[in-house]
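K.L.:
Only the shape, not the letters, is given here:
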């Protein structure tokens, strides 16, 4: 009888131990709105929209909707936790043909390694509400970390999980970049089709030259409407990057690019503006219609640049298409959008230009 | 009255013209089984499995199932069509968290540009049965093209569409590589998480050094069972690449790697064997358990290599982990699997080794 009791007790203890082992770390969660946010303008503790309601009003409906995607926003914090987790709600979880769910709706974590931000782990989504450990078995030293938010859907909420006994708090000021680079563009700027959010080129650029990038890429809708000048000018930028050739037609570029950039220059006389041609769409190497369109788009943009220079506008820079993504034709996922390979090449070229300017 | 008739006739003609314009090119389709296949062994005109039923029998159930995915298989053909399309049936269309549907279940098209295979277009899937134009408005010159097949699901059928008046036929022999490189490995070899099928590193390698690569990457299941030696030896390879460290445990590598490679060497005494360590899993830079596992895996593989060399086995080469994917920590999608950036770096390193050998 005693033996049987002992056996049952052992079974019970074993079951509890096994259940605890399966559970893994016990997390406490903190709302990411209480940590340090980059890439949003103006900053809000209410949402993860790239731009806020007042600033959205004059924009097209499509741009307003896309501005709700937190592309380029990151959360920086410090913790001594040995494990880092996240719970996030998407609005909604989406599947896109040329991007991974991780890029569309996921998270990636970087840690400060003493010299730079270094990739550490990811949260791969599978539905609207997700809960994932991003990295485990850390050394428990107090350290800064950064999480990049989804590129192509809305984020309803984000909570960061750390060990129950660990500390978590906002970033120290020296881990947040002061200089701001505002990048206006298309799906390529927004981050299609990076493998994970931190590989969109504005975010690579941010890590390479230690600036805060504000990602104003609006998929399919970066069409150079004149109202964009007011939006850009309202942001206290140190540089503007105009990567907005891919979406508008050649005719639209002819009509809109000179007035847009001239207006931005008048509103912000001292802030450098970098004009970037469209990347070489790969179809344009084969498809005669695609070639004509792409060549005309870049030619119209160059004509506007030449006119600005001729009219003595100052602080305007220009990056040509051929310099952006290499010449091996392997830098895109689908001919139009960049893979991480293309994004790294593009970030390196833009970084070189900005280093010369800043 | 006459005027009204003329108006109605004009409307009718306009409607017909508009309908034709919307339809786009009219294609005729040819079963890809009648064109030229690479990356399959032995070749079959019945299916798109990487290895055939007789050769699968001795393998684990999981490896058998994965061998049905056409990772690394490509279809080469020549046509003078101005448009190229594809219809393909998947079994099934799948969504994976760390890959795009294009990589999992899609197609990518390369054209011979006179010097090399150059990327031209993609077919992005959205369901089990898909129909897409891959490229349009070509110059109509007779030219060779190559289509890479899905990486992570079965392909039930594939038909290539060309203009009704165009010719399409199998590749001329000089466009098909004679030398064969057989690569045995894990999900990384199979192609997770390339942005499109042609960016899996065995396929990049094939284009870089003009060899036919046979992709024997079995996601999560490249575990060095001794039966793999017979499978590999049955293929008339010019080089074997053993990229099989990521899946087995350190204990399994200790037990299995020496016998596997020693057996392969006995079966194929004159064929070079390149042993490749596991890439640096990014979690291992942060997670102490992941670091211990990775370090032990590579150390056990190196111990087997050292023993083979000490015992005077000839023609065995070794590539160290640190040389594979760069040192910026940006080459993976999720810490474990490579993006196109990582795949290009890995292909470059393996290509360098193979150029020295072949």
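P.N.:
That came through, no problem. A quick note: this is a predicted structure, and the numbers were derived from the prediction, not measured.
K.L.:
all helices for the stretch 1-150 of chain A, in order.
P.N.:
Assignment of helices within the stretch 1-150 of chain A using DSSP state H, counting those that start in this stretch yields the ranges A:2-23, A:53-56, A:61-66, A:101-105.
K.L.:
By mean pLDDT, show me the worst of those helices.
P.N.:
Mean pLDDT is lowest for helix A:2-23 among the helices of the stretch 1-150 of chain A, at a mean of 47.
K.L.:
so residue A:223, which of the three states?
P.N.:
When classified by DSSP: H, G, I helix; E, B strand; the rest coil, residue A:223 comes out as coil.
K.L.:
For it, grab phi and psi.
P.N.:
phi -110, psi 20 (degrees, to the nearest 10).
K.L.:
tell me the contacts of the closest residue to it other than its chain neighbours?
P.N.:
Counting by CB to CB, 6 or more residues apart in numbering or on different chains, residue A:248 is the residue found nearest to residue A:223 once chain neighbours are left out, at 4.6 Å. (C-beta placed from N, C-alpha, C; glycine too.) Neighbouring residues of residue A:248 by CB atoms under 8 Å, 6 or more residues apart in numbering or on different chains: A:222, A:223, A:224, A:256, A:297.
K.L.:
tally of neighbours for the second one?
P.N.:
Using other CB atoms under 10 Å in any protein chain shown, the number of residues around residue A:223 comes to 19.
K.L.:
Assess the claim that it and residue A:247 are in contact.
P.N.:
Yes. Contact criterion CB atoms under 8 Å: residue A:223 and residue A:247 qualify, at 5.1 Å.
K.L.:
what touches both of the two?
P.N.:
The contact sets of residue A:223 and residue A:247 do not overlap (CB under 8 Å, 6+ apart).
K.L.:
pLDDT below threshold where in chain A?
P.N.:
Within chain A, the ranges that satisfy pLDDT under 70 run A:1-23.
K.L.:
what about the longest strand in it?
P.N.:
strand A:154-163 (DSSP state E).
K.L.:
for the contacts of residue A:248, which one is nearest chain B?
P.N.:
residue A:297 (16.6 Å; CB to the nearest CB).
K.L.:
any idea which element the closest one lies in?
P.N.:
Per DSSP states H and E, residue A:297 falls inside helix A:288-310.
K.L.:
so what does that helix touch, helix or strand wise?
P.N.:
helix A:250-267, strand A:273-276, strand A:316-319 (3 or more CB pairs under 8 Å, 6 or more residues apart in numbering or on different chains; DSSP states H and E).
K.L.:
out of those, nearest to chain B?
P.N.:
Nearest to chain B, of all the helices and strands packed on helix A:288-310, is helix A:250-267, at 16.8 Å by CB to the nearest CB.
K.L.:
That closest one versus helix A:288-310: what angle between them?
P.N.:
Here helix A:250-267 runs at an angle of 30 degrees relative to helix A:288-310 (axes from the mean of the first three to the mean of the last three CA atoms, to 10 degrees).
K.L.:
and helix A:250-267, how far out from the chain's middle?
P.N.:
Relative to the centre of its chain, helix A:250-267 is centred 25 Å away, using CA atoms, centre = their mean, to the nearest Å.
K.L.:
Point out the residues in the stretch 151-300 of chain A that sit beside chain B.
P.N.:
Proximity of the stretch 151-300 of chain A to chain B, by CB under 8 Å from any CB of the partner chain, involves residues A:193, A:195-196, A:199, A:204, A:282-283, A:285-290.
K.L.:
Got a quick ChimeraX command for the buried subset of those?
P.N.:
To isolate the buried ones among these in ChimeraX, judged by 16 or more other CB atoms under 10 Å in any protein chain shown, type:
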select /A:193,195,196,199,204,282,283,285,286,287,290
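K.L.:
Name the nearest of the residues of the stretch 151-300 of chain A next to chain B relative to residue B:228.
P.N.:
residue A:195 (29.9 Å; CB to CB).
K.L.:
mind listing what the residue lying closest to residue A:322 once chain neighbours are set aside touches?
P.N.:
Residue nearest to residue A:322 in three dimensions, not counting chain neighbours: residue A:280, with 7.1 Å by CB to CB, 6+ apart. With contact set as CB under 8 Å, 6+ apart, residue A:280 has these partners: A:294, A:321, A:322, A:324, A:325.
K.L.:
Report the buried members of these.
P.N.:
So, by 16+ other CB under 10 Å, the buried ones in the contacts of residue A:280 are A:294, A:321, A:324, A:325.
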